[in-house]
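Novice: Give me a 3D structure for the following:
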Amino acid sequence: MDGVPLEVALMQKAGGEPNAVGVFAAVTLLDWYLMDQDLLIVMERPPASMNLLEYVSCRGGRLEEDVARILMKQIVDAAIDLQNKEIFHRDLKCENTLVEMGPEPRIRIIDFGCGSFQMKKVYKRFSGTLVFAPPEWFSCRKYRPSPTTVWQLGVILYQMLNRHHFDTKLFTQGLIKFNRKLSKECLAFLHQCLEEDSRRRPSLEDLRFHSWLLPLRPVPQTLLSLSPVPQGSIL
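Specialist: The predicted structure follows:
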């Protein structure tokens, strides 16, 4: 892929060729252009979608646990798909996660500008959203792909279930608490993702088979519907 910008190469591998629109969780790259020093990307536009932060806001700033479970199951599967393709997104967060509206919401992953092809060695240069960086970055300026991705999924789930913003430094100081009204299984999932010791975090495959996600119970359609949608929220 000589001469191809990294973000383009990542999107091509994550979302497939233009004829694969809608097949993968990652949005599909349709075309790209280099204009002087700028990169212009033309990508798939998922119909009737908004980012996850907007989706949560439209539902009152916090999701019902059953709805969050459906979305998290899809996010875990999307992260595993990227990992299998040796892609480290590096900036998974609510703003980079689209919710495509339909009979059931569908997760789509966007913005690979901070990403890289996955390396086996540790990363010593941070790229992403610093406030969501894993604790090991602040303690030793090193981090690895899988534990970092698991941490990011924990941050996303926290923001789906709480009306508060997340900050890693505040969390490590004990200033951010979990909603104790959540089920024991959900709290266990959160605690495992947001384990401060990266060596003790589960793998993405472990999360896929976590008891909170299996079995995935049916959710009433009234919980999944989103009405009304504030004007301007749909992409």
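Novice: make it CA atoms for all contacts and neighbour counts henceforth
Specialist: OK.
Novice: residue boundaries of the helices in the chain?
Specialist: When secondary structure is read from DSSP state H, the chain shows helices at 6-15, 52-58, 65-84, 135-140, 145-161, 168-172, 184-193, 204-208, 221-224.
Novice: I'd like the distance between residue 205 and residue 147.
Specialist: Here residue 205 is placed at a distance of 12 Å from residue 147 (C-alpha to C-alpha, to the nearest Å).
Novice: Find the nearest non-adjacent residue to the residue most central in space within the chain, please.
Specialist: What sits nearest the mean C-alpha location of the chain, by C-alpha atoms, centre = their mean, is residue 92, with 4.0 Å. In space, not counting the residues next to it along the chain, residue 92 is nearest to residue 152; the distance is 6.1 Å by C-alpha to C-alpha, 6 or more residues apart in numbering.
Novice: which residues sit in contact with the residue nearest to residue 147 when sequence neighbours are not counted?
Specialist: Distance criterion C-alpha to C-alpha, 6+ apart; nearest residue to residue 147, sequence neighbours excluded, is residue 198 at 5.8 Å. For residue 198, the contacting residues are 136, 147, 148, by C-alpha atoms under 8 Å, 6 or more residues apart in numbering.
Novice: out of the residues you listed, who's nearest residue 62?
Specialist: residue 148 (24.0 Å; C-alpha to C-alpha).
Novice: and that closest one, what is it in contact with?
Specialist: Residues in contact with residue 148 (C-alpha under 8 Å, 6+ apart) are 90, 133, 134, 198.
Novice: What separation is there between the last one and residue 140?
Specialist: Counting by C-alpha to C-alpha, the gap between residue 198 and residue 140 amounts to 12 Å.
Novice: Does residue 69 touch residue 214 like I think?
Specialist: No - with the criterion set as C-alpha atoms under 8 Å, residue 69 and residue 214 do not qualify as a contacting pair; they are 9.9 Å apart.
Novice: who's more crowded, these two?
Specialist: Summary of the neighbour comparison: residue 69 and residue 214, criterion other C-alpha atoms under 10 Å, with residue 69 having more neighbours (21 against 12).
Novice: roughly how far apart are that one and residue 190?
Specialist: Between residue 69 and residue 190 the computed distance is 12 Å (C-alpha to C-alpha).
Novice: Enumerate every residue touching the nearest residue to residue 145 once chain neighbours are set aside.
Specialist: Among residues not flanking residue 145 along the chain, residue 88 sits closest, at 6.1 Å (C-alpha to C-alpha, 6+ apart). With contacts defined as C-alpha under 8 Å, 6+ apart, the neighbours of residue 88 are 82, 115, 116, 117, 118, 145.
Novice: neighbour-wise, which of those residues leads?
Specialist: Once you tally neighbours by other C-alpha under 10 Å, residue 82 ends up highest among these, having 23 neighbours.
Novice: okay, now the closest residue to that one other than its chain neighbours: neighbour count?
Specialist: With C-alpha to C-alpha, 6+ apart as the measure, residue 14 is the residue that lies nearest to residue 82, at 6.4 Å, once sequence neighbours are left out. Neighbours of residue 14 under the rule other C-alpha under 10 Å: 27.
Novice: can I assume residue 127 is in contact with residue 92?
Specialist: No - in this structure, residue 127 is not within contact of residue 92 by C-alpha under 8 Å, at 11.2 Å.
Novice: can you list the residues that contact stretch 155-175?
Specialist: By C-alpha under 8 Å, 6+ apart, the list of residues contacting stretch 155-175 from outside reads 53, 56, 61-65, 68, 72, 93-94, 131-135, 176-179, 190, 194, 196.
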